[in-house]
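Student: Give the three-dimensional model of this entry:
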Amino acid sequence: MVDSLKSITDIPLAGKQEFDGFSNLSEDDKELLKFYESTKPKIYVLGMGGSGSNTVNRLMQIGIEGANIIAMNTDVQHLLKIKANKKILLGKTTTRGIGAGSDPEVGEAAANESLEDIKKAIADASLVFVTCGLGGGTGTGSAPVAAKVAKELGALVVAVVTLPFASEGEKRKQNALRGLEKLKKNVDTIIVIPNDKLLAVVPDLPLDTAFRVSDEVLARAVKGITELITVSGLINLDLADLKTILKDGGYAMIGVGESSVDSSYDERALLAANTALKSPLLDVDISSANRAIINVVGGEDMTLREAELVAREVSKQIAKDSHIIWGARVDKNMKKSQIHVLVVLVGVRVVDYDKKPDTTLVAEELEETNLEDLDLAV
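Tutor: Predicted structure coming up:
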């Protein structure tokens, strides 16, 4: 009899999280709902500069539950094209709406001019994501300012940023490293995505398409972490769980993996986990990570055992005694046999990012630059 029973962990989890909305609520439920609405975390995603604004625009397209989307830029024309819950034109006097000229100092000055607007927009924040592409003017200069404001307001602050493609030149690289150094001082955790690593994922793409892939990766990372605590799942997490992992976390890297093979449950779970852990975006020694967030999303036939196997596989490959939290949910829009895994490894050692940026190149270029030759684009 016992042998004929299927393990409870192997039973598909679809249906176990069904919820019929808030119809026919009792008075007690109404009070509980009112309390929940008043205490649930206020989450903001700030898209800083051109790249950051593109990322939040993509978030608006794919949808993100439970977060307020704000785009901030010095380029008014670009800002007009972006979809967001709120938009802030930074530094109206500083840049006159025509961009920062690829100068991070101008971007920083513009953000400082608009400091009160930023504070007002995120005054009740519990969790703030700051996203941008480092290397340009507005994002690189304004992101540390916005992050500092969020920190001073008491929010958990997570930066999700890209480093420029090598083809964008040495000056942009040095701008990015200086911006990264400033940003790290004002956030709890900074997730770094080197754009060059994206080329290993999607080689031979035209540069403009590669930038769109970069926006997509940033957007999916923010969405994946946010919805761990805003979307009801099989394994539910809350803001306190995220704080445990992300508070004062330092550098973090992400890996994404997917499996849709028609095979045993164990095989597809392990394949998705190892694909995420071997992602080119995780081009670091992952054994140095001491904390991890895992988000497992699957079709209607996903089992609890599969989600647990993913967590076990990650724990085997990072530092011993690491603190791991994981969430799992069924997405009815996904195909059966499909599993998607997002892994955020926190506390990784990334030697290259801690190197001091070379200031010689920038100083030499400034001496040779005529202000009239500046390209006032973000």
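Student: how near is the residue nearest the centre of the chain to residue 44?
Tutor: Taking Cα atoms, centre = their mean, the centroid of the chain lies closest to residue 222, which sits 3.2 Å from it. Using Cβ to Cβ, to the nearest Å, we find residue 222 at a distance of 11 Å from residue 44. All C-beta atoms are positioned from the backbone trio N, CA, C, and that covers glycine.
Student: which residues do the two both contact?
Tutor: Among the neighbours of residue 222, those also in contact with residue 44 (Cβ atoms under 8 Å, 6 or more residues apart in numbering) are 67, 129.
Student: May I see the buried residues of stretch 251-265?
Tutor: Of the residues in stretch 251-265, those buried under the neighbour-count criterion (16 or more other Cβ atoms under 10 Å) are 251, 252, 253, 254, 255, 256, 257, 258, 259, 260, 265.
Student: no wait, stretch 124-134
Tutor: So stretch 124-134, judged by 16+ other Cβ under 10 Å, has buried residues 125, 126, 127, 128, 129, 130, 131, 132, 133, 134.
Student: Scan the chain for its longest helix.
Tutor: Among the segments of the chain that qualify as a helix by DSSP state H, the longest is helix 207-230.
Student: Show me what counts as buried in that helix.
Tutor: Within helix 207-230, the residues that qualify as buried are 210-211, 214-230, counting by 16+ other Cβ under 10 Å.
Student: try stretch 152-161
Tutor: 153, 155, 156, 157, 158, 159, 160, 161.
Student: Who does residue 251 form a beta bridge with?
Tutor: Note on residue 251: beta-bridge partners by DSSP bridges are residue 190.
Student: give me every residue that touches it.
Tutor: Listed by Cβ under 8 Å, 6+ apart, the contact set of residue 251 reads 184, 189, 190, 192, 346, 347, 348, 349, 350, 353.
Student: in a helix, that's where residue 61 is, yeah?
Tutor: Yes - if the criterion is DSSP: H, G, I helix; E, B strand; the rest coil, then residue 61 is within a helix.
Student: From residue 88, how far off is it?
Tutor: For residue 61, the distance to residue 88 under the criterion Cβ to Cβ works out to 20 Å.
Student: Each with direction, which strands does the helix or strand where residue 69 lies pair with?
Tutor: Residue 69 belongs to strand 67-73 when elements are defined using DSSP states H and E. Sheet pairing here is set by DSSP bridges, and for strand 67-73 it gives strand 43-48 (parallel), strand 86-89 (parallel).
Student: and residue 308, how many neighbours?
Tutor: By other Cβ atoms under 10 Å, the residues close to residue 308 number 16.
Student: my read is it is in a helix, agree?
Tutor: Yes - counting by three-state DSSP, one finds residue 308 located in a helix.
Student: ok, it to residue 249 distance?
Tutor: Separation of residue 308 from residue 249 (Cβ to Cβ): 24 Å.
Student: same deal with residue 280?
Tutor: Residue 280 sits 22 Å away from residue 249, going by Cβ to Cβ.
Student: Please apply the same query to residue 326.
Tutor: The separation that residue 326 has from residue 249, given Cβ to Cβ, amounts to 16 Å.
Student: what about those two, which has more around it?
Tutor: The neighbour comparison of residue 326 against residue 249 (other Cβ under 10 Å) goes to residue 249, with 25 against 22.
Student: residues contacting residue 310?
Tutor: Taking Cβ under 8 Å, 6+ apart, we find residue 310 in contact with 269, 270, 272, 273, 294, 296, 326, 339, 341.
Student: Distance check, it against residue 325.
Tutor: Separation of residue 310 from residue 325 (Cβ to Cβ) stands at 13 Å.
Student: Need the overlap of contacts for those two.
Tutor: When Cβ under 8 Å, 6+ apart defines a contact, the residues bordering residue 310 and residue 325 alike are residue 294.
Student: can I assume residue 131 is in contact with residue 218?
Tutor: Yes - here residue 131 lies in contact with residue 218, judged by Cβ atoms under 8 Å, at a distance of 5.5 Å.
Student: did I read that right, residue 254 in a strand?
Tutor: Yes - membership of residue 254 in a strand is supported by three-state DSSP.
Student: does it really touch residue 342, like I thought?
Tutor: Yes - checked against Cβ under 8 Å, the pair residue 254 and residue 342 is within contact range at 6.8 Å.
Student: Checking my notes, residue 342 in a strand, right?
Tutor: Yes - the assignment for residue 342 (three-state DSSP) places it in a strand.
Student: thinking again about what came up before, which one's more surrounded, residue 61 and residue 88?
Tutor: Between residue 61 and residue 88, counting by other Cβ under 10 Å, residue 88 is the more crowded of the two (20 against 11).
Student: how close does residue 188 sit to residue 122?
Tutor: Here residue 188 is placed at a distance of 15 Å from residue 122 (Cβ to Cβ).
Student: more crowded one of the two?
Tutor: Neighbour tally, residue 188 and residue 122, criterion other Cβ under 10 Å: the higher count belongs to residue 188, 24 against 20.
Student: So for that one, what's the pLDDT?
Tutor: Reading off the per-residue confidence, residue 188 sits at a pLDDT of 98.
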